[in-house]
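Peer 1: coordinates for the following, if possible.
(chains A, B and C)
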Amino acid sequence: MEFAVHRKIYLVGLVIVTLFVITGILAPYIVRRPEDAWGITYNPEKAFKQPSLENPLGTDALGRDLLNRVVLGTRFSLIIGVSVVSLSLFIGIPIGLLAGYLGGRLGTVLMRIADIFLAFPPLLLAIAFASVLGRGVLNTIIALALSWWPWYTRLIYIQTTSVKSLAYVDSARIMGLNPITIMFKHILPNIATPLITQATLDIGSAILEASALSFLGVGVPPPTPEWGLLVSEGWQYINMAWWISFFPGLAILVVVLGFNLLGDAFKEYLDPRVRNLMVRRKVK
Amino acid sequence: MSGTTIISIRGLVVNYYTFGGVIKALRDVDLDINHGESICIVGESGSGKSTLAQTIAMILPQNAVVERGSIIYDSVDILRSSSLDVLARVRRDIGMVFQDPATSFSPLFPIKQQFVDVLSEVLKVTPEEALRISREALKNARLIEVERVLNSYPHELSGGMLQRASIALALAKKPKVLIADEPTTNLDVTTQAEILDLIKVLKREYGLTLIMITHNFGVAAHVCDRVVVMYAGMIFEDGPTRQVLDNPLHPYTRGLLMAIPRMGRSLTPIPGFPPDPREVFEGCPFYGRCNSARGECSTQKPPRVVLGERTVHCHLYWGSQWKS
Amino acid sequence: MEILKIEDLYVYFPVKRGLLGRTVGYVKAVDGVSLSVSRGDGLALVGETGSGKSTILRVILKLQRPTRGKVFFEGRDIFSLTRVEESWYRRKVQAVFQNPFQSLNPRMRVHDILVEPLNRYVKLEEGEVERRVHELLELVGLPYSVLNQYPASLSGGQAQRVAIARALAVNPELVLLDEPTSALDVSVQAQILNLLQELGRKLNVTYLLVTHDLAIVSYIAKKVAVLYRGNVVEISPVNDVFSKPLHPYTQALTASIPDPFKGIASGKLLKEEEVYREVSGCKLAYRCPYAEEKCFEKRPTLLNIQGRLVACWLYA
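Peer 2: Prediction:
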């Protein structure tokens, strides 16, 4: 905690992410008129209202309050972000551990498969999967996870190969423990730290990519108030009602920034050399 | 042991600041190093021996702070002076050899390039001159295939050869003082003997003052004429090697000598274990492990007692310096 | 009674070069070694870097497959065991490694580290497991308070005691010690050596010690095998190795031990080898002060000199 205060900018990241998570969890309860946000009826008298006291972020083309929509969208982004990362870890960790620990031909084959996935620009791959799977929150999550797992697999693979020659793995082997136990009980806990850092950072990236998919029309379907979708819905009116795309876009920016800052804070905090420098400066 | 004092250390206190706490590496160290001596600083891990060497050579890491004390070299307190001139002089006059020869060399470049780069910078000479000096230094270090060594990368050389090269590099600038920090600990025992002999010979040939750091009394016996025993950041005993080893004064020194494995001799370990370097001591840090401890040992810092050529920091000897 | 027998062991590591990984040569880590360990007497494998002692250790622990040769534990070939026998072997043969901070899982508490082998091999009741854990701690002289700690907060000596306790948890018969004291301070070394000695006697455990430090051998084993570049050059009882070393290499080793009371006897028994080369004769010939023509041509075999084994033409 004291470290976050140390570098004020990291505090910002922590604040953003905390606000994001709280808003996401409480979203349906703090929105004034939730049905308003989901509605698909056209209320011409309410449409295209500029930001005002009654509608702090304005209203969109159908007359829906934008603040409501953005706040509800928080929940979707939270769910999608966390689910994508979790699912990717769920797929990627076992494959990486297996490939790293067993090595040999199996390891090579698994890593080549991962390499094939990694050869594609990640967004492109996700778009391809999403198009095949169709629109929907679950499909978006699956499409993104399918394009994401190889990154974790590679990270785990590299860590596993370097750790498996350490003496405590040898000790576990000579104790006659079976490979699954060794992989999950001895190797994984010791390589988890950089993984957790990376995963935290990735939640932000996952939110961004999900927004991209929705913006392009292959992610979440309307009338879901997902941020990317909101941006695309307001795109055609950008000249006359800029707020419809602007505020959701701003939300994406701020949240991703928050996660990036938090991830950077973790990285610095966990590097022992940097930590020692920090202490010295504090003493001075 | 006559001769002028070239390095004079007084009241040195050095701390390391880490996230885990403040490590008290050196707690009030007084030491005089005389010209032409070969002095061995002996201690276990946490004794502060390496920190002492690094402080003298002015290569302490960033999170180390010299809280108090002075080191007078060449009439200047090198700890208080911020002049670049003084720093340059220290760099030129003090050569260092480390435990891991890989520390002295980058794995990315051949030896020749590293020698030339370092020497042309430190000695302010042309690369050609630096190369000539390098060749001479490597020959003095008794390396037979000088050209092959120069053209090799560090990983292509054996441990012993690489350490000879490190020694050559340290001595190429013709320093006045050589500090060797556990120079043979990583080497095979047959190579160790040769490198130690080499250091002895070179000390004579280059007219050096030698400060060797080691945890091994046998090495000290072979190389040095004076030995300083350190524990938990303090000096416990200081004197001519033969006298200290044949007749150790401090209980710790005695305990250590009895704990060294030797063929056919039973081992008498020292009970307990070395203290946490973050701990602060009212009295003697060895209290609790010492079988000669007395009341005052836990509450008062052990006094410095000078007995002829020897010095010991221990309550047991307080008063004997005035007996004839 | 032989508890372990190594027969004609060869371990060659292929050296690969180029994009396609062509094998251009071999590193002959173990080049024809036959040894046996007697129950109770133990054996010390002494050698410097490149001697092959660590590789032999790894082969015995089945962490490395031999290129050729066999290893027998109580008569059974350890590389062709059934699943039940495999489990039996793992229980009977344990090891203590050099650096306890690397051989103990840094993310496990001491309690869990000690419980792990117990759970694997013995079906004990809940209370019995705890009792056994406390018993182990008493055996190695550690206070119960370490149970809740992680290895990183222990001192080197304490951590190594935990490693020893773990190795002894399920009553092995053979314990391999890989430089068990090299990473420890001198004052702690003595404690651990005494502990190992005492435990060996008390629990009837046979030790196989691998070390470069001849000085500690006498506390652990009664017989010494000296290794040089993958071959055994001498096998002698411990006392004889020190008082009257036979092989020139053994002589150089014993002379090089730094002794506080004698310094180092002589550093010049062997010429320093600057180049590694393949030889058809004795591998020490280029460095040996007694080398003759025969030494360069033909590799000496182990000769029996009054119950001791030496591989040197000096004794032919």
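Peer 1: hey, what's the residue of the stretch 201-316 of chain C found nearest chain A bridged with?
Peer 2: Residue of the stretch 201-316 of chain C nearest chain A, by C-beta to the nearest C-beta: residue C:208 (13.1 Å). (Each C-beta comes from the backbone N, C-alpha and C, glycine too.) On the basis of DSSP bridges, residue C:208 takes part in beta bridges with residue C:43, residue C:176.
Peer 1: which residues touch it?
Peer 2: C:4, C:37, C:42-45, C:57, C:60, C:174-177, C:221 (C-beta atoms under 8 Å, 6 or more residues apart in numbering or on different chains).
Peer 1: out of these, which comes closest to residue C:242?
Peer 2: Checking the contacts of residue C:208 against residue C:242 by C-beta to C-beta gives residue C:44 as the nearest, at 12.0 Å.
Peer 1: what's the neighbour count on the closest one?
Peer 2: 27 (other C-beta atoms under 10 Å in any protein chain shown).
Peer 1: after the helix or strand harbouring residue A:189 comes which helix or strand?
Peer 2: Secondary structure assignment for residue A:189, by DSSP states H and E: helix A:188-216. Per DSSP H and E, the first helix or strand lying C-terminal to helix A:188-216 is helix A:227-234.
Peer 1: how far does that following helix sit from its chain's centre?
Peer 2: 18 Å (C-alpha atoms, centre = their mean, to the nearest Å).
Peer 1: same deal with stretch B:79-99?
Peer 2: 15 Å.
Peer 1: also stretch A:127-142?
Peer 2: 16 Å.
Peer 1: what's the answer for stretch C:150-169, then?
Peer 2: 19 Å.
Peer 1: could you confirm whether that stretch reaches chain B?
Peer 2: Yes. Using C-beta under 8 Å from any C-beta of the partner chain, stretch C:150-169 reaches chain B at C:155-158.
Peer 1: and the helices in chain C?
Peer 2: C:53-60, C:83-92, C:100-103, C:110-121, C:126-140, C:156-168, C:186-203, C:238-243, C:248-256, C:293-297 (DSSP state H).
Peer 1: what about the fifth one, average pLDDT?
Peer 2: For helix C:126-140, the mean pLDDT works out to 90.
Peer 1: who are the packing partners of that helix?
Peer 2: Packing partners of helix C:126-140 (3 or more C-beta pairs under 8 Å, 6 or more residues apart in numbering or on different chains; DSSP states H and E): helix C:110-121, helix C:156-168, helix C:186-203.
Peer 1: which one of those helices is the most hemmed in?
Peer 2: helix C:156-168 (a mean of 25; mean count of other C-beta atoms under 10 Å in any protein chain shown).
Peer 1: just the C-alphas of that one, formatted as PDB.
Peer 2: Extracted C-alpha coordinates of helix C:156-168, given in PDB (Å, rounded to 0.1, in the frame of the first residue of the first chain):
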ATOM      1  CA  GLY C 156      21.000 -22.200   6.100                       C
ATOM      2  CA  GLY C 157      21.700 -24.700   8.800                       C
ATOM      3  CA  GLN C 158      18.000 -24.900   9.800                       C
ATOM      4  CA  ALA C 159      16.900 -25.300   6.200                       C
ATOM      5  CA  GLN C 160      19.300 -28.100   5.600                       C
ATOM      6  CA  ARG C 161      18.100 -29.900   8.700                       C
ATOM      7  CA  VAL C 162      14.600 -29.700   7.300                       C
ATOM      8  CA  ALA C 163      15.900 -31.200   4.100                       C
ATOM      9  CA  ILE C 164      17.500 -34.000   6.100                       C
ATOM     10  CA  ALA C 165      14.300 -34.600   8.100                       C
ATOM     11  CA  ARG C 166      12.300 -34.800   4.900                       C
ATOM     12  CA  ALA C 167      14.800 -37.400   3.500                       C
ATOM     13  CA  LEU C 168      14.500 -39.500   6.600                       C
END
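Peer 1: contacting residues around residue A:42?
Peer 2: A:62-63.
Peer 1: distance of it from residue C:204?
Peer 2: Distance from residue A:42 to residue C:204, counting by C-beta to C-beta, to the nearest Å: 90 Å.
Peer 1: pipe the residues of stretch C:150-169 next to chain B into CSV and attach distance to chain A and pLDDT per row.
Peer 2: Converted to CSV, these look like this (distance: C-beta to the nearest C-beta, whole Å; pLDDT from 0 to 100):
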residue, distance to chain A, pLDDT
C:155, 18, 87
C:156, 14, 88
C:157, 17, 90
C:158, 16, 92
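Peer 1: of all the residues in chain A, which one is nearest chain C?
Peer 2: Closest point on chain A to chain C, by C-beta to the nearest C-beta, is residue A:176, at 3.2 Å.
Peer 1: pLDDT score for the spatially most central residue of chain B?
Peer 2: Most central in chain B under C-alpha atoms, centre = their mean is residue B:213, positioned 3.2 Å from the mean C-alpha point. Looking at residue B:213, its pLDDT stands at 94.
Peer 1: with residue A:3 instead?
Peer 2: 49.
Peer 1: do residue B:323 as well
Peer 2: At residue B:323, pLDDT is 59.
Peer 1: just residue A:151 next, same as before
Peer 2: The model's pLDDT for residue A:151 equals 91.
Peer 1: burial check on it, number of neighbours?
Peer 2: 18.
Peer 1: for residue B:305, same thing?
Peer 2: Counted with other C-beta under 10 Å, residue B:305 comes out at 19.
Peer 1: next one: the one 5 residues further on
Peer 2: Other residues lying near residue B:310 total 17 when counted by other C-beta under 10 Å.
Peer 1: how far out from the middle of the chain is stretch C:49-62?
Peer 2: 7 Å.
Peer 1: and the end-to-end length of that stretch?
Peer 2: From its first residue to its last, stretch C:49-62 covers 21 Å (C-alpha to C-alpha, to the nearest Å).
Peer 1: does chain A sit close to it?
Peer 2: Yes. Stretch C:49-62 is in contact with chain A by C-beta under 8 Å from any C-beta, via C:61-62.
Peer 1: list the buried ones in that stretch?
Peer 2: C:50-62 (16 or more other C-beta atoms under 10 Å in any protein chain shown).
Peer 1: burial of the residue of chain B at minimum distance from chain C, as a residue count?
Peer 2: Nearest residue of chain B to chain C, counting by C-beta to the nearest C-beta: residue B:218, 2.5 Å away. The number of residues packed around residue B:218, counting by other C-beta under 10 Å, is 23.
Peer 1: chain neighbours aside, what residue packs nearest to residue A:195?
Peer 2: residue A:155 (6.3 Å; C-beta to C-beta, 6 or more residues apart in numbering or on different chains).
Peer 1: and the one you found, what helix or strand is that in?
Peer 2: helix A:137-163.
Peer 1: which SSE is immediately downstream of that helix?
Peer 2: helix A:167-174.
Peer 1: still on that earlier bit, for the helix holding residue A:155, list every residue counted as buried.
Peer 2: Quick answer for helix A:137-163 (16+ other C-beta under 10 Å): A:137, A:139-157, A:159-160, A:163.
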